[in-house]
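Engineer: sequence first, then the predicted structure, then my questions.
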Amino acid sequence: MPIPIITKTAVTSKVTVSSHMNMSNDGIFENQSRVELSPELSTILGTRYLENQPYRFISVYKSEHLSDFILSLEPMSDYMDYELVGQCEMRWRKINQNPKSTDFNHDEDAQWFTIGEDILAWGSYNATVVLDSDEYPRHLVCKLYK
């Protein structure tokens, strides 16, 4: 099946931060929060095919004054008062299918990563895509949904 084409670039979607539940095929992630991205956001960020990218980890930036955070595949510097709080390995997850399956479809399945549980507040975030510019690479600005 071909990669779904995203025709709308001004995408707003949900990113969920929750406690990581240990599952038999996950390994052990003590004191970690699980951050789940929608398939569309993974496509926009470019994390689906990391073997074709110069970067291998998703970078997480946070402001000490806000609950918001930023996700970017490419490094960012001097973005307001946000600073790098983690570089995380992306993992795959099935949507509405057997969560223990390891037969992932890199064109359709969603992604997630873990980060220290005290770094991001748990909850749902509205994620807005900010497209590439001369100053910054493409990234997501994630604001806590209230």
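Structural biologist: Looks like it arrived, so ask away. Numbering: from 1, shown residues only.
Engineer: going forward, measure contacts and count neighbours with C-alpha atoms only.
Structural biologist: OK.
Engineer: who's K143 bridged to?
Structural biologist: N126 (DSSP bridges).
Engineer: I figured it hits N126, correct?
Structural biologist: Yes - using CA atoms under 8 Å, K143 is in contact with N126, at 5.3 Å.
Engineer: need the per-residue pLDDT for the residue most central in space within the chain.
Structural biologist: Nearest to the geometric centre of the chain sits L37, at 4.9 Å (CA atoms, centre = their mean). If you check L37, the pLDDT there is 91.
Engineer: what sits against it?
Structural biologist: Contacts of L37 were listed using CA atoms under 8 Å, 6 or more residues apart in numbering, and they are K14, V15, T16, A110, Q111, W112.
Engineer: got JSON lines for those residues, with pLDDT, distance to D78 and secondary structure too?
Structural biologist: As requested, the contacts of L37 are exported to JSON lines (pLDDT from 0 to 100; distance: CA to CA, whole Å; DSSP: H, G, I helix; E, B strand; the rest coil):
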{"residue": "K14", "pLDDT": "82", "distance to D78": "25", "secondary structure": "strand"}
{"residue": "V15", "pLDDT": "89", "distance to D78": "24", "secondary structure": "strand"}
{"residue": "T16", "pLDDT": "88", "distance to D78": "26", "secondary structure": "strand"}
{"residue": "A110", "pLDDT": "86", "distance to D78": "30", "secondary structure": "strand"}
{"residue": "Q111", "pLDDT": "89", "distance to D78": "27", "secondary structure": "strand"}
{"residue": "W112", "pLDDT": "89", "distance to D78": "26", "secondary structure": "strand"}
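Engineer: redo those as TSV? Include distance to V60 and neighbour count.
Structural biologist: Formatted as TSV, the contacts of L37 follow (distance: CA to CA, whole Å; neighbours: other CA atoms under 10 Å):
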residue	distance to V60	neighbour count
K14	16	19
V15	13	22
T16	14	21
A110	18	22
Q111	15	23
W112	13	20
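Engineer: got any ranges where the protein has weak pLDDT?
Structural biologist: Within the chain, the segments meeting pLDDT under 70 span 1-12, 21-28, 99, 146.
Engineer: now do the helices in it.
Structural biologist: Applying DSSP state H to the chain gives helices spanning 39-45.
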